[in-house]
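[1] Take this sequence and fold it.
(one chain, ligands or ions: 1)
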Amino acid sequence: MEIPSSAIYLALVLVFTLLAGLYRGGRRHKLNLPPGPRPWPVIGNLNLIGPLPYRSLAAISQKHGPLMHLRFGSFPVVVGSSVDMAKFFLKTHDLSFVSRPKTVAGKYTANNYSNINWSPYGPYWRQARRIFIMELFTPKRLDSYQYIRVEEVRGLLRDLFRSTETPIVLKDRIFTVNLNIISRIVLGRKYTQEQSVSSGAPAAIVPQEEFKEMMGELMLLNGVINVGDLIPWLNFLDLQGYVKRMKMVGKRFDRFLEHVLDEHNERRRREGKAFVPRDLVDVLLELADDHGLEVKLERHCLKAFILDMFAGSTDTVTVTIEWAVSEILKRPETFDKATEELDRVIGRGRWVEEEDVHRLPYIEAIVKETMRIHPVAPLLVPRLSREHTTVDGYDIPAGTGVLVNVWAIGRDPAVWDAPEEFRPERFVGSPIDVKGHHFELLPFGAGRRMCPGNSLGLKM
Ligand code: HEM
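    I've put the predicted structure just below:
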């Protein structure tokens with residue numbers, strides 16, 4: 001019997017459709033996700049995350065291994081907790097994991113993801129990073145602002161010397177110095193300092209205490225786990241009240257930054273052709289006039305970049321210095337060794353200068369040891385996978401959140417001797433640095449998203 005060719009054709013189409021369906025279905029079901037705890041409906045694994053998420057995740061990885069898959073609400077997340085996994089996410093497949101998840105913090109406190117930190121991967125983010133690295137934080141420009149750091153640190157020392165008899169909150173003083181340094185570098189002056197109008201200096205527009213409180217709120221809200229980000233259908237309820245606070249602090253900073261931009265534009269207008277950029281806001285305003293840029297820099301982008309610089313440099317540096325001092329005070333032998341090195345290399349006749357740092361290996365080792373044991377971003381900043389990737393036979397689908405637990409890596413007994421002990425000696429004569437090449441020590445992250453302010457951060 002002869003079979004009509006149309007029937008053969010129809011059968012073939014059917015078979016291929018079925019096979020393609022089976023293949024797709026099979027692929028979907030055969031996703032081999034990394035190991036991890038079983039998720040609950042709705043909350044996923046959020047029940048396992050305590051107030052210090054990096055500690056909770058380090059404990060969970062003891063059971064499930066250095067690559068884990070969890071669910072934060074309905075959001076899939078993978079966590080890397082070893083040197084190899086850090087290398088996988090931040091080096092070998094850096095480009096696949098270079099984006100950021102869209103959080104409400106990025107929406108309301110960073111002018112709709114216009115800062116670098118929350119900006120998703122794309123031309124805008126690439127241009128913003130180029131501007132930071134090639135225009136704002138070039139070694140030459142950083143050196144040109146050295147006098148500001150020197151003046152502010154000397155001011156702090158004078159202040160501390162005067163208050164030898166009175167207890168002080170050191171963290172507050174260090175925060176103020178960092179705020180003053182970054183204000184003078186970025187804005188050209190201390191906008192937040194209360195100055196008497198009669199001194200002839202421009203008046204502060206936000207009292208310093210209020211500005212500090214605003215910065216604290218900004219940092220806190222950018223680090224919280226907001227339930228609405230993870231269980232989107234609950235977002236409208238704002239159960240923790242964070243979204244309301246984000247909107248409020250976003251508006252308060254906006255008022256401040258509008259004033260800063262207006263004042264800088266006014267000087268540009270007044271001085272006309274004679275205008276010379278003095279601070280980083282001036283540089284940004286000049287760049288915004290550049291019609292050759294790949295993506296036009298609007299006013300809201302400049303405001304977001306300015307905030308990036310403040311958020312990046314005040315808390316991070318303050319907390320690191322506070323930890324270092326606290327560890328030194330707990331270990332008199334560290335204090336003695338540091339003093340001995342300073343006496344031997346610098347002597348008592350002059351102050352330490354920035355250029356001296358490389359001749360002070362023990363002091364440098366204290367900084368590295370502090371950043372190992374107390375990294376200010378213990379899970380770095382969350383990343384987002386842009387495409388399907390596989391590792392050791394496991395699938396990581398596109399759209400998965402990625403956390404690298406540098407806190408756990410810094411305390412991994414497979415990498416460090418006596419990891420819980422503060423021992424700067426381990427870094428004396430060691431080639432390990434903090435520049436993102438040694439994956440056992442990543443206080444600034446690594447790869448394309450690595451902190452672009454790391455040189456300034458280290459100087460501060
Ligand atoms: C001790 C000082 C500092 C530490 C420990 C630190 C640490 C970090 C870390 C861990 C990240 C995330 C990296 C990643 O996602 O893989 C980051 C990102 C960032 N930091 Fe820093 N930082 C410091 C100082 C600064 C300074 C001084 C600035 C600017 C003035 C700055 C601006 C930024 C920006 C804009 C990003 C976002 C980069 C991006 O998403 O592409 N940081 N920083």
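
[2] CA only for contacts and neighbour counts going forward, please
    Noted.

[3] quick one: the strands in the chain?
    Taking DSSP state E as the test, the strands found in the chain are 67-72, 75-80, 383-384, 389-391, 394-396, 401-404.

[4] helices or strands up against the fourth one?
    With contacts defined as 3 or more CA pairs under 8 Å, 6 or more residues apart in numbering; DSSP states H and E, the packing partners of strand 389-391 are strand 394-396.

[5] Point out the other helices and strands that the strand it packs on packs with.
    Here strand 394-396 touches strand 389-391, going by 3+ CA pairs under 8 Å, 6+ apart.

[6] Flag every buried residue along stretch 168-175.
    Of the residues in stretch 168-175, K171, I174, F175 count as buried by neighbour count, 16 or more other CA atoms under 10 Å.

[7] picking that back up, relative to P332, which of the strands of the chain is closest?
    If you check each of the strands of the chain against P332 by CA to CA, strand 401-404 wins as the nearest, at 33.4 Å.

[8] can you count the residues close to the closest residue to A110 other than its chain neighbours?
    Distances taken as CA to CA, 6 or more residues apart in numbering place A304 nearest to A110, at 5.5 Å, with adjacent residues excluded. Neighbourhood size, A304 [other CA atoms under 10 Å]: 22.

[9] And A304, how far from the ligand?
    Going from A304 to the ligand by CA to the nearest ligand atom, to the nearest Å gives 10 Å.

[10] so what's that residue up against?
    Residues in contact with A304 (CA atoms under 8 Å, 6 or more residues apart in numbering) are A110, N111, S114, N115, I116.

[11] now the residues you listed in a markdown table, with neighbour count and pLDDT?
    A markdown table is the format used below for the contacts of A304 (neighbours: other CA atoms under 10 Å; pLDDT from 0 to 100):
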| residue | neighbour count | pLDDT |
| --- | --- | --- |
| A110 | 28 | 97 |
| N111 | 20 | 95 |
| S114 | 25 | 97 |
| N115 | 27 | 97 |
| I116 | 25 | 97 |
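
[12] for these, which one is nearest the ligand?
    I116 (5.1 Å; CA to the nearest ligand atom).

[13] Give me the phi and psi angles of that closest one.
    Dihedral angles of I116 (phi, psi; degrees, to the nearest 10) stand at phi -80, psi -40.

[14] contacting residues for it?
    W125, A128, R129, A304, F305, D308 are the contacts of I116 under CA under 8 Å, 6+ apart.

[15] Nearest to P51 among those?
    D308 (25.2 Å).

[16] so that closest one touches W118, yeah?
    No. If you go by CA atoms under 8 Å, D308 and W118 don't touch, sitting 9.7 Å apart.

[17] When those two are compared, which one has more neighbours?
    More crowded of D308 and W118, by other CA under 10 Å: W118, with 26 against 18.

[18] Check the burial of the nearest residue to that one once chain neighbours are set aside by counting its neighbours.
    Of all residues not flanking W118 in the chain, G106 sits nearest, at 5.4 Å (CA to CA, 6+ apart). By other CA under 10 Å, the residues close to G106 number 22.

[19] What residues does the one residue sitting closest to the centre of the chain make contact with?
    Compute the mean C-alpha point of the chain, and by CA atoms, centre = their mean the closest residue is V381, 5.5 Å away. Residues near V381 by CA under 8 Å, 6+ apart: L403.

[20] Now do it against V98, distance only.
    Here V381 is placed at a distance of 11 Å from V98 (CA to CA, to the nearest Å).
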